[in-house]
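Participant: Test case, fold it:
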Amino acid sequence: MTSAEYWQKLPPFEYVTTYSFNRGSALQEQLRANEQLIEATKQELATARYMRQAALHRQLAELEQAGEYIALLTPAGSISPLACPIAQSNRHPGLVERLGAILTAPVKLHMVSGCRPIYRDALVFHDAAGRIVSVLNICFQCLYLQAVNGKFLEVDVATYEQLRQLLQSLGHPISDDYED
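Facilitator: Numbering: from 1, shown residues only. Coordinates of the predicted model:
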């Protein structure tokens, strides 16, 4: 699906919030906490009774799959408390129109990266009641744009630079140093 098709099929929304996550001290705290849970689960597994082992193996697999990065949405579908909201369209006139123009640009050059995307920025679309209508996760390092339903969007390479400039103008701490 192209980003233009995504934009056209996007359910009606009232406003957009931009988020920054998987950066800085919040990420480091999450990594430490996850490592501690993995270690504690391994220790419990070493002495667990047979009937408890299956549950601990599942728990360990989930913790290891969560890996090193924060998901924007929790399993309950809410925004992670570790994600930082940066801007809302109702406070930035023209944001929705600029996003629409960027996302509906024709795809002239589409690249696919071989790496695993690490999403650090996201666009969250909300209805009038504040419920999440849709989410776009962005990885500027790998040039991936992924909808919350797991679909990767086909996007022109130039679109990423336009999105980067837009988000940076809103205060996103995007850099070329992906160790943040």
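
Participant: how far out from the middle of the chain is the top strand by length along the chain?
Facilitator: Scanning the chain for the longest strand, with DSSP state E as the assignment, gives strand 132-139. Chain-centre distance of strand 132-139: 7 Å, with CA atoms, centre = their mean, to the nearest Å.

Participant: So that it lines up with my notes, have the first residue be 42 from now on.
Facilitator: Right, with 42 as the first residue, what we last looked at is strand 173-180.

Participant: which is the next helix or strand following that strand?
Facilitator: For strand 173-180, the following helix or strand on the C-terminal side (DSSP states H and E) is strand 185-188.

Participant: Give the buried residues for the helix or strand that that following strand is followed by.
Facilitator: Using DSSP H and E, the next helix or strand after strand 185-188 towards the C-terminus is helix 198-210. Buried residues in helix 198-210, counted by 16 or more other CB atoms under 10 Å: T200, Y201, Q203, L204, R205, L207, L208. C-beta: built from backbone N, CA, C; applies to glycine.

Participant: what's the angle from helix 198-210 to strand 173-180?
Facilitator: Per axes from the mean of the first three to the mean of the last three CA atoms, to 10 degrees, the angle that helix 198-210 makes with strand 173-180 is 110 degrees.

Participant: and helix 198-210, what does it pack onto?
Facilitator: helix 136-144, strand 173-180 (3 or more CB pairs under 8 Å, 6 or more residues apart in numbering; DSSP states H and E).

Participant: Buried ones in the first one, by neighbour count?
Facilitator: Meaning helix 136-144. The neighbour-count criterion (16+ other CB under 10 Å) identifies L136, V137, R139, L140, I143, L144 as the buried residues of helix 136-144.

Participant: Tell me which residues are up against that helix.
Facilitator: Residues outside helix 136-144 that contact it (CB atoms under 8 Å, 6 or more residues apart in numbering) are 44-45, 47-48, 56-57, 128, 130, 164, 196, 200, 203-204, 207, 211.

Participant: Residues in contact with the helix or strand that it is followed by: which ones?
Facilitator: Next helix or strand after helix 136-144 toward the C-terminus (DSSP H and E): strand 162-167. For strand 162-167, the surrounding residues in contact (CB under 8 Å, 6+ apart) are 51-52, 54-62, 113, 120, 124, 140, 173-179, 181, 208, 213, 215.

Participant: one more time with 6 Å
Facilitator: Outside strand 162-167, the residues that touch it by CB atoms under 6 Å, 6 or more residues apart in numbering are 54-61, 113, 173-179, 208, 213.

Participant: From those, keep the buried residues only.
Facilitator: Neighbour-count burial (16+ other CB under 10 Å) applied to the contacts of strand 162-167 gives 54, 56-61, 113, 173-179, 208, 213.

Participant: Many thanks, have a good one.
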